[in-house]
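Predicted model and sequence follow; I will ask about them next.
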Amino acid sequence: MQEVIRIEGGRRLKGEVTVSGSKNATVALIPAAVLAEGPVTIVGVPGIADVESLSEILRILNVDVIEKEDHLIIDPSHMRNTDLDADVVTRLRASYYFMGALLGKYGYVRMKMPGGCYLGPRPIDLHIKGFEALGASVEYDRGCYTIRADHLHGAKIFLDISSVGATINIMMAAVYAEGRTVIENAAKEPEIIDVATLLNKMGANVRGAGTGVITIDGVKSLGGCFHEIIPDRIEAGTFVIMAAACADRMLIRNVIPKHIEALTSKLQEMGVDMEIGVDSILVRHADHLHGIDVTTKPYPGFATDLQQPLTPLLTQAEGVSQVTDTIYTERFKHCLELQRMGADIEIGNGMAVIHGPSKLYGDKVTATDLRCGASLVIAGLLAEGVTEIHDVYHIDRGYDNIDGKLKALGGVICRAMVE
Ligand SMILES: CC(=O)N[C@H]1[C@@H](OP(=O)(O)OP(=O)(O)OC[C@H]2O[C@@H](n3ccc(=O)[nH]c3=O)[C@H](O)[C@@H]2O)O[C@H](CO)[C@@H](O)[C@@H]1O
Ligand SMILES: C=C(OP(=O)(O)O)C(=O)O
């Protein structure tokens, strides 16, 4: 038996929705918290499966975890550096942040290869090179990494690709390292600033987060603190796209509009009428949309995590649209599912060409990854008839209460168990 989401399409959405705390910030903040010697309180924690998995890992490490509404109190006072070879490590991508955090704190970590969405190959060679530059040795055998260092020292590290994960992992490994670490060609995503802010509140000395050069001066100790997570820019973008696809008027609250400017400017180019506030976006209406070309790029470029949710909207636009993903060239599985629903899409090498507008019809489809799932939810809302989405655990990894939020907007959505 497995759980599916059923959506009855063709309903117009209306009302307000509040965006939750950022998944990709939270999943780094939780491992970062174990670098402290006292309790760290994180506020605005989204109710997603990735957080449950990370809490399970914390418990394996004998870290005390208290969950109270959207607060998470992480107290590593009694922590033990146990090997992380349990299956939970492979349930998400972000378990890799325990590499940097445990290496930074103990000079030793043994853990399984992380999991997460399959978007094509997702190597972690840059994380490893960063750890090695800080003085660690890394071995890989039978699906497990063993990383150890007698002494971590600062280093100048140039990232060949501005990887989000490698930037954050190196930052965490370097906070206690002796001397200065400089990460060049660092990723600039807002989640990196959020993690650096937490580390600095704990007493670290991290400067330059959000720019291409991050400097970390090692410190001797880190203490507990209180931190509120930034809003989830990908969830915000998903709702803005959903509003453009099928709402008469939708107000999306708890947004930092700057974080999704690459998306909102593209939507305006398509003909979506929006009012962009200080911390909200009102989508008024979106008639007579026309096709556009989108190319994903590292922040502040168009986020790869939003190209999949955008695709169903492009199927409704007049003319030809082209989506090129330069970050994950194989991130087009959602297009196969959308084709099944009636979309006219040609899938090429690292790109998809969408001919619109096409009428979409409900069908049985599979969420092959998290944002593919978001794409299918939007397609389901647009389609005639009922859409049944399988493998919904991918969606639950990253969207907080998506059913409840959609129902409050007038969507008809339910879950069922099927063979
Ligand atoms: C938990 C989390 O925050 N996930 C996000 C993070 O993933 P993640 O941190 O895994 O993505 P990266 O920024 O590291 O990946 C960017 C590119 O670099 C490549 N690469 C990365 C590391 C490495 O060691 N070697 C290498 O070749 C990747 O294959 C990819 O092509 O950023 C991605 C790109 O914005 C997003 O899609 C994910 O939602
Ligand atoms: C790819 C994603 O997540 P992860 O890196 O956790 O697999 C995502 O959030 O779209």
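Yep, that arrived. Residues are numbered from 1 along each chain as shown. Ligands and ions are numbered 1, 2, ... in the order given.

Please work out how many residues are found near the closest residue to residue 367 other than its chain neighbours.
Using C-beta to C-beta, 6 or more residues apart in numbering and skipping residues adjacent in sequence, the residue nearest residue 367 is residue 373, 3.3 Å away. For glycine as for every other residue, the C-beta is placed from the backbone atoms N, C-alpha and C. Using other C-beta atoms under 10 Å, residue 373 has 31 neighbouring residues.

For residue 373, pull up the helix or strand it's in.
Residue 373 belongs to helix 370-382 when assigned by DSSP states H and E.

Determine how far that helix lies from the middle of the whole chain.
Chain-centre distance of helix 370-382: 16 Å, with C-alpha atoms, centre = their mean, to the nearest Å.

anything in it near ligand 2?
Yes. With C-beta under 6 Å from any ligand atom as the measure, helix 370-382 is seen reaching ligand 2 through 370-371.

contacting residues around the residue nearest to residue 367?
Counting by C-beta atoms under 8 Å, 6 or more residues apart in numbering, residue 373 makes contact with 367, 389, 391-392, 394-395, 399.

Can you list phi and psi of the closest residue to residue 318 other than its chain neighbours for me?
Among residues not flanking residue 318 along the chain, residue 290 sits closest, at 5.0 Å (C-beta to C-beta, 6+ apart). The phi and psi values for residue 290, taken as degrees, to the nearest 10, are phi -120, psi 150.

contacting residues around residue 290?
So residue 290 contacts 270-271, 317-319 (C-beta under 8 Å, 6+ apart).

Rebuild those as TSV, extending it with neighbour count, secondary structure and pLDDT.
Formatted as TSV, the contacts of residue 290 follow (neighbours: other C-beta atoms under 10 Å; DSSP: H, G, I helix; E, B strand; the rest coil; pLDDT from 0 to 100):
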residue	neighbour count	secondary structure	pLDDT
270	21	helix	98
271	16	coil	97
317	22	coil	98
318	14	strand	98
319	13	strand	98
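
and ligand 2, which of the residues you listed contact it?
Of the contacts of residue 290, not one also sits near ligand 2 (C-beta under 6 Å from any ligand atom).

Looking at these, which two lie furthest apart in space?
271 and 319 (11.2 Å; C-beta to C-beta).

residues from the stretch 101-250 of the chain in reach of ligand 2?
By C-beta under 6 Å from any ligand atom, the residues of the stretch 101-250 of the chain that approach ligand 2 are 116-117, 119.

ok, 8 Å please
Residues of the stretch 101-250 of the chain lying close to ligand 2 by C-beta under 8 Å from any ligand atom are 115-117, 119, 122, 165, 234.

Flag the shaky bits of the stretch 251-400 of the chain, pLDDT-wise.
Applying pLDDT under 70 to the stretch 251-400 of the chain flags no residue at all.

For ligand 2, give me its nearest residue in the stretch 51-200 of the chain.
Nearest to ligand 2, among the residues of the stretch 51-200 of the chain, is residue 116, at 3.0 Å (C-beta to the nearest ligand atom).

which element is the residue sitting furthest away from the middle of the chain on?
Of all residues in the chain, residue 150 sits farthest from the chain's C-alpha centroid, using C-alpha atoms, centre = their mean; the distance is 33.2 Å. Residue 150 is part of no helix or strand when elements are defined by DSSP H and E.

In contact with it, which residues?
Counting by C-beta under 8 Å, 6+ apart, residue 150 has contacts 107, 135.

Same check on residue 163?
Residue 163 makes contacts with 126-127, 187, as judged by C-beta under 8 Å, 6+ apart.

mind redoing it with 10 Å?
Shown in contact with residue 163 (C-beta atoms under 10 Å, 6 or more residues apart in numbering): 122-127, 130, 169-170, 185-187, 298, 327.

same check, this time on residue 82
Residue 82 neighbours (C-beta under 10 Å, 6+ apart): 57, 60-62, 102, 110-111.

For residue 14, state which of those is nearest.
After measuring those against residue 14 - C-beta to C-beta - the closest member comes out as residue 57, at 40.2 Å.

and the closest one, how far is that from residue 30?
The gap separating residue 57 from residue 30 is 9 Å, by C-beta to C-beta, to the nearest Å.

Please identify every residue contacting each of the two.
With C-beta under 10 Å, 6+ apart, residue 57 and residue 30 have common neighbours 63, 65, 94, 97-98.

same for ligand 2: which of these are within range?
Contacts with ligand 2 are made by residue 94 out of these, judged by C-beta under 8 Å from any ligand atom.

Now do the contacts for residue 398.
Counting by C-beta under 10 Å, 6+ apart, residue 398 makes contact with 20, 23-24, 27, 46, 48-50, 92, 117, 232, 234-235, 238, 305, 369-371, 373-374.
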